[in-house]
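**Student:** no FASTA, just this:
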């Protein structure tokens, strides 16, 4: 199949401009490893991060938010309670909610939390690595820590199946990223292998999707443009000098801030996206 | 009005030397987004950070500290309990306490916690952005997340009013910073707009004020010199090469470490501070 | 005394290759200040970090891990419960456990937790600064925050005493690092004074020891090579350009990733290690 207009630099530029125009408050419930990164990524896209995750306050803050990210990296009782409270409050008000099911398939505790969240909360987008998405779709995946191994074809099927059962736009990230809605599927060749040398780059994509979902009307477009923009920033980060993963990470966030609507409009992105269905 | 001697590079150099001489242990109860930054900022000024914030241990550690920072960014029951315990223990021993009322005015939970802390603990210094200080002073502020909008004149009045009712030195940070004691008010033009592109730069100023308050006798001087030194470091960070917010953040902490008494003594700071009352 | 073969670059290269071969999942229960750093250090050595520290999940994850790090930097009830649960689960399965007793000797709460952990859990390795190791060995140490002062000879004795009573390999880090087993003691001259200007570099050594302990059969060798490799990375970080502690920290993690088996095999390390017993 061929690309459609969604994959052009001009379309991406419009989405990046919408973030700066709306400047949404993006509430993020996330693990402690990546809190700082996610907040800085959010600010660098032009949105306003707020990381309020106390159970008593999570729903209050969700009412003020333009989007809510539920990253399940930390499994304390307090966090689990807050994930549900913020998700439900956002659903009640029509605020879009993004799920990042960290480590799905590794421990019984995680399985229970993810099953429960999928029953309790309606998601605008769900993002995971190949193993996490395959696991959530009910298939067996080989999972080691938060990394995973899987076959590409299976993953596309899993992503679409999960999109159909949940109604969410689904992003499966890996060597190539898959973006699946119930009506269309894209495959993206953006990104750089350096992304896998830095902790939390998957979580940063989750924050990116929350920013785009909070700024655009259509969830699959938001998921596609968020994944595209993040992958382009990951590529452009290698244009700046670096000596390893830590300096690459600095470049990544600088590149996110540098991917302005003006810059994006000039980029040729057509060869990097294939609409596969 | 004119400057007084407090605003000179030589006076600042003396304060920076006092930190290195006393090397105070600065206990910091803060949010998880900025814990690492605040610890590194503290160490880079020449003080010793300790981030002990468990409710059971917070008061034990406060007894060993030269200053205590209460940053209210995280609203879990555990954190709230620890904020009170550490604040009271420090008050009992005459250890100065600095308040950073993150997000004051955003949620009912935050309002309750800030009101309660102001009743329970005596502060040497209070630092917030324009909206937070205006809100604590009992005025209405337009607040969006942790950012805020306000009129400059109102803010000066609010800062002084808060200084008078609490007895604390009050710092309202923004495009220009205001430092208010009950007897005098300063306006600082230091800083750089890049500071607003990095998450937690307000929190880092809070840690800076705790370091200075724990090293100097007089709280308004500590607040003035802490705010001045931090703003100068923020300016000098642009002298080093950077490509965006993440590399600027690296420069900021390097510049803090590089602002030695010797360097400060040579700086011309007179035009950057105005005593307005 | 003279060096033995353990201290050569070739021996270190073999150990670094073993990490990449085994790619162990290293579970880390640690403080919130250094979580991100420890995860990135672990990934940069070629192992897989997982930071699951909820009490209910800690033992489930320990069952999947190749090594477990217990860093006691945070003294909340939840963390203390998780430290015990993960340690015991790892012991039951023969998974090696590393202890980093942060701030041992500072507060009564910390003393109680460390005593209790040493009774409850068997450790493959224990790492602390001079004061922490001296304190755990039952001697009096002058401790200020997480820094400490002590005499070198005492520390060697304390490290060996602790190794004998616990059966663990003991690393006392400072200007020179001491690595003690019950049968042999080494003194290492690697490292750089810049390490003391960055928060959490001691914690990063703890994560490094967990990586090596999870990849090698013999605990004293793992402790020696982990300490050696980390010190070498700390030295080599100064070969890259830096302007202060923050840019040095970036270099440190880049240097860890850059210390491949091939690079290590070429290094002359003999003059940097002395076997003292």
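**Tutor:** Cool, the structure landed. Since the model is a prediction, treat every value here as computed from it, not as a measurement.
**Student:** low-confidence ranges in the stretch 151-277 of chain A?
**Tutor:** For the stretch 151-277 of chain A, applying pLDDT under 70 flags the ranges A:151.
**Student:** Going by residue numbers, what spans are strands in it?
**Tutor:** Assigned by DSSP state E, counting those that start in this stretch, the strands in the stretch 151-277 of chain A fall at A:169-173, A:177-180, A:185-188, A:273-275.
**Student:** need the contact list for residue A:57.
**Tutor:** Contacts for residue A:57 were tallied using C-beta atoms under 8 Å, 6 or more residues apart in numbering or on different chains; they are B:75, B:107, B:109-110. C-betas here are computed from N, CA, C, even on glycine.
**Student:** with those in mind, which one is nearest to chain C?
**Tutor:** Nearest to chain C among these is residue B:75, at 15.2 Å by C-beta to the nearest C-beta.
**Student:** And residue A:197, how far from chain C?
**Tutor:** Per C-beta to the nearest C-beta, to the nearest Å, residue A:197 is found 7 Å from chain C.
**Student:** In contact with that residue: list those residues for me.
**Tutor:** Listed by C-beta under 8 Å, 6+ apart, the contact set of residue A:197 reads A:244-245, A:248, C:43-44, C:257.
**Student:** Can you add distance to chain B and neighbour count and give those residues back as CSV?
**Tutor:** Listed next are the contacts of residue A:197 as CSV, based on distance: C-beta to the nearest C-beta, whole Å; neighbours: other C-beta atoms under 10 Å in any protein chain shown:
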residue, distance to chain B, neighbour count
A:244, 14, 21
A:245, 13, 24
A:248, 11, 25
C:43, 17, 22
C:44, 17, 27
C:257, 18, 20
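**Student:** Can you pick out the most distant pair from these?
**Tutor:** Using C-beta to C-beta, the pair of the contacts of residue A:197 lying farthest apart is A:248 and C:43, separated by 12.2 Å.
**Student:** Can you check which residues contact both of these two?
**Tutor:** Common neighbours of residue A:248 and residue C:43, counting by C-beta under 8 Å, 6+ apart, are A:197-198.
**Student:** Please enumerate the helices of the stretch 51-200 of chain A.
**Tutor:** Taking DSSP state H, counting those that start in this stretch as the criterion, the stretch 51-200 of chain A carries its helices at A:55-62, A:77-93, A:108-120, A:130-136, A:152-166.
**Student:** Run through the neighbouring helices and strands of the second one.
**Tutor:** The criterion is 3 or more C-beta pairs under 8 Å, 6 or more residues apart in numbering or on different chains; DSSP states H and E, and the helices and strands that helix A:77-93 contacts are strand A:25-29, helix A:55-62, strand A:67-71, strand A:97-100, helix A:108-120.
**Student:** How about the residue in the stretch 101-250 of chain A positioned nearest to chain B: what's its closest non-neighbour residue?
**Tutor:** Residue nearest to chain B within the stretch 101-250 of chain A: residue A:250 (4.4 Å; C-beta to the nearest C-beta). Among residues not flanking residue A:250 along the chain, residue B:246 sits closest, at 4.4 Å (C-beta to C-beta, 6 or more residues apart in numbering or on different chains).
**Student:** ok, back up a step: what's the residue of the stretch 101-250 of chain A closest to chain B in contact with, if anything?
**Tutor:** By C-beta under 8 Å, 6+ apart, the residues touching residue A:250 are A:242, B:246-247, B:250, C:250.
**Student:** and if you look at residue A:176?
**Tutor:** A:152, A:187-189.
**Student:** tell me the centre residue of chain A?
**Tutor:** Central residue of chain A (C-alpha atoms, centre = their mean): residue A:206, 2.6 Å from the mean position.
**Student:** Now do that residue against residue A:220, distance only.
**Tutor:** Going from residue A:206 to residue A:220 by C-beta to C-beta, to the nearest Å gives 16 Å.
**Student:** Check residue A:40 too.
**Tutor:** Taking C-beta to C-beta, one finds residue A:40 at 27 Å from residue A:220.
**Student:** Identify the residue nearest residue A:266 in space, chain neighbours excluded?
**Tutor:** Once flanking residues are discounted, residue A:266 sits nearest to residue A:9: 6.4 Å by C-beta to C-beta, 6+ apart.
**Student:** What parts of the stretch 101-250 of chain A come near chain B?
**Tutor:** On the criterion C-beta under 8 Å from any C-beta of the partner chain, chain B has as its neighbours in the stretch 101-250 of chain A the residues A:240, A:249-250.
**Student:** Apply 7 Å and report the result again.
**Tutor:** A:240, A:250 (C-beta under 7 Å from any C-beta of the partner chain).
**Student:** If you check chain A against chain B, which residue is the closest one?
**Tutor:** residue A:254 (3.0 Å).
**Student:** what's near enough to touch that residue?
**Tutor:** Residue A:254 makes contact with A:240, B:243-247 under the criterion C-beta atoms under 7 Å, 6 or more residues apart in numbering or on different chains.
**Student:** With residue A:36 instead?
**Tutor:** Taking C-beta under 7 Å, 6+ apart, we find residue A:36 in contact with B:33-34, B:36, B:199, C:36.
**Student:** Backbone dihedrals for it, please?
**Tutor:** Residue A:36 adopts backbone torsions of phi -70, psi -40, taken as degrees, to the nearest 10.
**Student:** Relative to residue B:267, how far out is it?
**Tutor:** Distance, residue A:36 to residue B:267, using C-beta to C-beta: 30 Å.
**Student:** count of residues packed around residue A:215?
**Tutor:** Residues lying near residue A:215 (other C-beta atoms under 10 Å in any protein chain shown) number 27.
**Student:** Next: residue A:120.
**Tutor:** For residue A:120, the neighbour count with other C-beta under 10 Å is 12.
**Student:** From residue A:223, how far out is it?
**Tutor:** Counting by C-beta to C-beta, the gap from residue A:120 to residue A:223 is 21 Å.
**Student:** And for residue A:203?
**Tutor:** 16 Å.
**Student:** Then residue A:99?
**Tutor:** Residue A:99 sits 12 Å away from residue A:223, going by C-beta to C-beta.
**Student:** Residue A:241 too?
**Tutor:** From residue A:241 to residue A:223 the distance is 32 Å (C-beta to C-beta).
**Student:** what do you get for residue A:9?
**Tutor:** 18 Å.
**Student:** Of those two, which one has the most company?
**Tutor:** Neighbour tally, residue A:9 and residue A:223, criterion other C-beta under 10 Å: the higher count belongs to residue A:223, 30 against 18.
**Student:** For chain C, what's its nearest residue on chain A.
**Tutor:** Closest to chain C within chain A is residue A:244: 3.0 Å, counting by C-beta to the nearest C-beta.
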